[in-house]
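Enquirer: got a predicted structure plus its sequence, pasted below:
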Amino acid sequence: MGGQIPSWLFERMTRLSLPLVEAILIEYGQQEFLRRLADPFWFQSFGAVIGTDWNSSGVTTAVMGALKKALNPQARELGLYVCGGKGKHSLQTPAELVTVGECTGLDGHYLAQCSKLSAKVDNTAVQDGFQLYLHSFVVSDKGDWSVVQQGMQPGSSTARRYHWHSGHIQSFVKEPHTAICGDNQGDILNLVDREATPTQQGILAITREDPAKILMEIPRMTLPTHHEVRESDVDLKRLGSILWLAQEQGSSTFEDLLLLKSLGPWTLQSLTLVIEVIHGTPSRFTDPARFAFAHGSKGGKPFLVPTHVYDETIATLKTSVEIAKLGQTDKHEAIKKLTKMAQAAEKNFQPSDSFDDLLRKENRDAWKHGGRTIHGYSKPPEKE
């Protein structure tokens, strides 16, 4: 479901994004976080786990907006700066990067040039009918960076997202993307394809009227066109093992995780999906729709946002990160074990409930956990 994200949800997205990113930085560092931003499957999973509509063009705007609002006030401490954004904010990216350079000692003018080149490539050299309206440039104080930008096709509601990572780029004019994701629309004019070498010297001067032939798109991720979460979008074995651990086996399985005993089943379910976004390997993000089962979405797909659970997840993860910074790792390590336990249970797990059964249960009980959408709070069934 499209439309603006309500303030009550975006505020939570921002609050969850900070400790989530901090946890990744503590465990894996800045370079790994930037690499993940350039992975479209991880990016989509991150968006779903913080409560966006998992497969709408608004995922890009929501994720980058939440990251900018969450990380920039802590930029000096984290060593990460989020520049640019949507519409007129995208045009400020070069100036923001020059300012970052002044704060960090980096060459801000070089970073601004990288920003301009990445936008120029996707708006002009890749002539696929999509015009950029969002450009976000995330840079570390070491000079590593990722770009996430999105274009909209005039006259349609379809969007295409482009991912870049400085560690991947050998040349701005020779297959610089880590991924381009959207509907595959066949052959396009792609002047940064490896077969386009004869035209690459004039890349910045190329316009829409320039002739070129047989240049192929490089789609790394093709998303379905529907926005609701369907059974075909989810690995039910993966999801089912998480729900089973959280709701059926919590009292016995988590005996060694005493610090988590106060958490309810729904929060364990949510937290396990959040932790997988932090610690999961790339192969774990092939079904990003699964992560919508952490906090639902504003349109109630796959279920209403359980605001009480969302708030408890934020508080738990925030506390875990803060004590990890102080060297007190017991609770942090206990939370980290959640995804490992879910993966272990997954090996021999056979789902007993159908996908439709899971959806009915989640929506039936949503009112108990502050379930909310853009239409308001859910109410208990009349019989209850």
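Expert: Right, received. Where do you want to start? Numbers count the residues shown, from 1 in each chain.
Enquirer: helices of the protein, residue ranges please.
Expert: 7-28, 30-37, 40-49, 58-71, 75-78, 93-104, 108-120, 236-247, 250-253, 265-279, 307-325, 330-346, 355-364 (DSSP state H).
Enquirer: for Asp144, find the nearest of those.
Expert: Each of the helices of the chain has some distance to Asp144 by CB to CB; the shortest is helix 30-37, at 5.4 Å. Where you see a C-beta, it was placed from the backbone N, CA and C, and this is true even at glycine.
Enquirer: what angle sits between the closest one and helix 265-279?
Expert: Put simply, helix 30-37 runs at 110 degrees to helix 265-279, going by axes from the mean of the first three to the mean of the last three CA atoms, to 10 degrees.
Enquirer: and helix 30-37, what's buried?
Expert: Within helix 30-37, the residues that qualify as buried are Gln30, Phe33, Leu34, Arg35, Arg36, Leu37, counting by 16 or more other CB atoms under 10 Å.
Enquirer: the nearest residue to the last one once chain neighbours are set aside - how many residues pack around it?
Expert: Spelled out, that is Leu37. Using CB to CB, 6 or more residues apart in numbering and skipping the chain neighbours, the partner closest in space to Leu37 is Ser146 (4.3 Å). By other CB atoms under 10 Å, 26 other residues sit near Ser146.
Enquirer: kindly report the same for Asn72.
Expert: By other CB under 10 Å, neighbour count at Asn72 equals 15.
Enquirer: one step back: ok, the residue nearest to Leu37 - contacts?
Expert: Contacts for Ser146 were tallied using CB atoms under 8 Å, 6 or more residues apart in numbering; they are Leu34, Arg35, Leu37, Ala38, Phe137, Val138, His163, Trp164, His165, Ser166.
Enquirer: quick one: which of those residues is the most crowded by neighbours?
Expert: Result: Phe137 is most packed of these (other CB under 10 Å), 28 neighbours.
Enquirer: which residues are in contact with that one?
Expert: 82-84, 93, 96-97, 111, 114-115, 118, 145-147 are the contacts of Phe137 under CB under 8 Å, 6+ apart.
Enquirer: per-residue confidence at Glu255?
Expert: Looking at Glu255, its pLDDT stands at 42.
Enquirer: re earlier: which stretch among the helices of the chain comes nearest Asp287?
Expert: helix 236-247 (6.9 Å).
Enquirer: ok, of the contacts of Phe137, which one's closest to Gln44?
Expert: Minimum distance to Gln44 across those is 15.0 Å, recorded for Ser146 (CB to CB).
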